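A.B. asks: model this:
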Amino acid sequence: MTFAGTVFFASVIAVAYTFAGYALLLMIWARLAPRPVRQAPINPSVAIVVVVHNGSGLIKKKIDTCLAQDYPPEQLRVLIVSDGSDDETNHIVETFNDARVRLLPFPDRRGKAACLNDAVAACEEEIIVFTDVRQRLNPLAVRHLIDNFADSTVGAVSGQLMFERSGMTGFGESIDAYWRYEKHLRRLEGLIHSTVGVTGALYALRRSCFREIPPQTILDDVLIPMNTVLQGYRVIFEDGALAYDRPSTSASQERVRKVRTLAGNFQLLFAHPALLAPWRNPVLLQLISHKVMRLVAPLALLCAFVANIALVADANKAAFFRTTLALQAIGYAVAALGALWAPANGFRLIKLASAFVSLNWFVVLGFIEFISNRSPHLWKSHQVPSSNGRSTS
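C.D. replies: Residues are numbered from 1 along each chain as shown. Prediction:
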């Protein structure tokens, strides 16, 4: 086989494994060797931690949804960590008429990771539940998370983020489809050992499993659970623990969020090489398949296209490679149509193609963000009305 042929088929296999083969492997693995979690109704002390920067339009509703949890009130506390807020956030929390609500204010903005370190240090509860300010919690969310800790092998439990469909755009539907695929992978990973990362909007952790993370960390919701795995515990996915949010309504909005997340993936791998050590990380295959291969996929797509162009000149196999090149060109053309003409996203195929290409392009932008932005851990956003489901944290 020629060099171009090797590159082409290797690239196609890499892309196919990343987005389809890995899911199939997990399904087979979970069917043949599942590791069920022992659940039981237990009532350990719980602290719900919310880190917020300038969230005055959302903080009251967030506290209300935390206090409304179906959990023994005497065992539940809410800690609001204000990361340099200069709006009315601190005042609203301070005037809240419930002794279970406490404010931990910091005058200077330092980023979520630094605040999480201080928040956990200020807690004595057995279990810490982390959640963001913008998501509404199901009243049974904490209960469903906590029952999994009856199993002594479980160190962290991820909740499930659900997108509200009212007012969802065509692009939002494509993001919802991608997110359902992502949750399917996490659910299967938890069945065989541990999910790689948790839902930052809602997850619970044994306080004894917490290890201080670098203040510049972007993906605390990956590093914290991975540190838990390195200690010998499992990290699982709990379907019943629900948090509700709304997806991005456009590619430009999703781009801001996704680029930062992908920059965090690059940061994680470069800053924490122990995660790639097979003698330390029992879920290394999952980490490579779920995270690393996603970062490699855009390069594989480019190599497949360029190699395919070179292979068209091979007279013996020109017909086959002309067909594969045409299929790639059509796929990218369909994605471009969805990006340039919004009504086209009413067709499912166009919508999914556009989302697929956009998400892979965001990987490239995420790498650029990683190497160029010296303070990527500081989330840049603006206060918006709470009615649209977005926030400033």
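A.B. asks: buried residues in the helix or strand Gly240 falls within?
C.D. replies: Assigned by DSSP states H and E, Gly240 belongs to strand 234-245. For strand 234-245, the neighbour count (16 or more other Cβ atoms under 10 Å) marks 234-238, 241-245 as buried. For every residue, glycine as well, the C-beta is placed using N, CA and C.
A.B. asks: Now do that strand: distance to the chain's middle.
C.D. replies: 12 Å (Cα atoms, centre = their mean, to the nearest Å).
A.B. asks: Packing partners of it?
C.D. replies: On a contact count with 3 or more Cβ pairs under 8 Å, 6 or more residues apart in numbering; DSSP states H and E, strand 234-245 meets strand 136-137, helix 141-146, strand 154-163, helix 170-192, strand 202-206, helix 220-230.
A.B. asks: least reliable of those going by mean pLDDT?
C.D. replies: Among the helices and strands packed on strand 234-245, helix 170-192 has the lowest mean pLDDT, at a mean of 85.
A.B. asks: Pro36: which of the buried residues of strand 234-245 is nearest?
C.D. replies: Lowest distance from Pro36 to the buried residues of strand 234-245 (Cβ to Cβ) belongs to Ile236, with 9.9 Å.
A.B. asks: Would you confirm that that closest one contacts Ile192?
C.D. replies: No - contact criterion Cβ atoms under 8 Å: Ile236 and Ile192 do not qualify, at 10.3 Å.
A.B. asks: Show me what the helix or strand following the strand holding Gly240 packs onto, helices and strands only.
C.D. replies: Once the chain leaves strand 234-245, the next helix or strand it forms, by DSSP H and E, is helix 251-271. Helices and strands touching helix 251-271, by 3+ Cβ pairs under 8 Å, 6+ apart, are helix 170-192, helix 220-230, helix 293-311, helix 348-372.
A.B. asks: Mind listing what's buried along helix 251-271?
C.D. replies: Within helix 251-271, the residues that count as buried by 16+ other Cβ under 10 Å are 251, 253-255, 257-269.
A.B. asks: what sits against the nearest residue in space to Leu219 that is not next to it in sequence?
C.D. replies: The shortest distance from Leu219 to any non-neighbouring residue, by Cβ to Cβ, 6 or more residues apart in numbering, is to Gly264 (3.7 Å). By Cβ atoms under 8 Å, 6 or more residues apart in numbering, the contact list for Gly264 reads 217-219, 222, 376.
A.B. asks: Out of these, grab the one that's most surrounded.
C.D. replies: Among the contacts of Gly264, Ile218 has the most neighbours (other Cβ atoms under 10 Å), with 28 neighbours.
A.B. asks: Are we agreed that it is in a strand?
C.D. replies: No - read with DSSP: H, G, I helix; E, B strand; the rest coil, Ile218 is coil and lies in no strand.
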